[in-house]
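[1] Okay, here's the prediction I keep looking at, along with the sequence it came from:
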Amino acid sequence: MSRARSALITGLTGQDGSFLAELLLEEGYQVTGMVRGAPQRSLGSSEHLRERVALVSGDLLQPATLRAALEQVRPHEVYHLAGPAFVPESWERPAETLSAITGSAVAILETARVLDQGMRVFLSSSGAMFGDTAWSIFPDKTRYFDPSTKPYMINYRVRDLDAMLDQLRRAGATVDAKIDETDYGRFGWAIDPEGNRIELWEPKP
């Protein structure tokens, strides 16, 4: 007999995580929420669901904990809603913010690919702010992602490339000295603490 559909939700303590957990529970899912710190801490918007969901520990800035959570739960579906929530702090710590967003997404996608390629992963983001997601396929022997050893790279659109790169340098991130000027705009690169290559794109006005 096959087991019930299961889902892992990051960002369970937020409003969206709570609404999603309620919906999935109504649909008969086994729901696990990822929380940072001790499970006894408040579940925020999902406190009323404490007796109906399982909990697993994880931290966006510690990819190993995200991989361990997926390996422990092995869900059919992953809903990655968690992210830095305090905007002013993200301006003061851009490198940490970039690592939390990209590093966590990469860790979850990579682990899902290794554990079960049938695992469905939903990454929450704002199309209104950042535009639609676009995928560009590179040859498997490409050197474009160097010095990262990962077989992928993440691209972000930015308003002011020079200012963003300067912020990352001051925060201690590894920033490529090269800037490309193209018909599409200006491109710069950085390496996050997990070794992922990040491409930053400033479109032409």
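    Yep, that arrived.

[2] so how many other residues sit close to the closest residue to Arg157 other than its chain neighbours?
    Distances taken as C-beta to C-beta, 6 or more residues apart in numbering put Trp201 closest to Arg157, at 5.3 Å, once the chain neighbours are dropped. All C-beta spots, glycine's among them, are computed from the backbone N, C-alpha and C. Per other C-beta atoms under 10 Å, the neighbour tally for Trp201 reads 16.

[3] Just want the phi and psi numbers for Trp201.
    phi -120, psi 120 (degrees, to the nearest 10).

[4] what's the answer for Glu181, then?
    According to degrees, to the nearest 10, Glu181 has phi -110, psi 120.

[5] what's the burial count for it?
    9.

[6] Then Glu71?
    Using other C-beta under 10 Å, Glu71 is surrounded by 11 other residues.

[7] wait, what's in contact with it?
    Thr111, Leu115 (C-beta atoms under 8 Å, 6 or more residues apart in numbering).

[8] rewinding a little: now the residue nearest to Arg157: how far from Trp189?
    10 Å (C-beta to C-beta, to the nearest Å).

[9] Same question for Gly33.
    35 Å.

[10] Which one's more surrounded, the two?
    The neighbour comparison of Gly33 against Trp189 (other C-beta under 10 Å) goes to Gly33, with 27 against 22.

[11] Can I take it that the more buried one is in a strand?
    Yes. Assessed by DSSP: H, G, I helix; E, B strand; the rest coil, Gly33 belongs to a strand.

[12] these two touch, right, it and Leu43?
    Yes. With contacts counted by C-beta atoms under 8 Å, Gly33 reaches Leu43, the gap being 7.2 Å.

[13] ok, Glu194 - contacts?
    Taking C-beta under 8 Å, 6+ apart as the test, what Glu194 contacts is Pro63, Ser99, Gly103, Val106, Ala107.

[14] picking up where we left off before, find residues that contact each of Gly33 and Leu43.
    With C-beta under 8 Å, 6+ apart as the test, Gly33 and Leu43 both reach Leu12, Thr13.

[15] The closest residue to Gly83 other than its chain neighbours and Asp180: what is the separation?
    Leaving aside its chain neighbours, Gly83 sits nearest to Ile101 (5.9 Å; criterion: C-beta to C-beta, 6+ apart). Look at Ile101 and Asp180: by C-beta to C-beta, they are 23 Å apart.

[16] And for Ser99?
    Ser99 is 23 Å from Asp180, by C-beta to C-beta.

[17] who has more neighbours, the two?
    Shown here are Ser99 and Asp180; by other C-beta under 10 Å, Ser99 has more neighbours (23 against 13).
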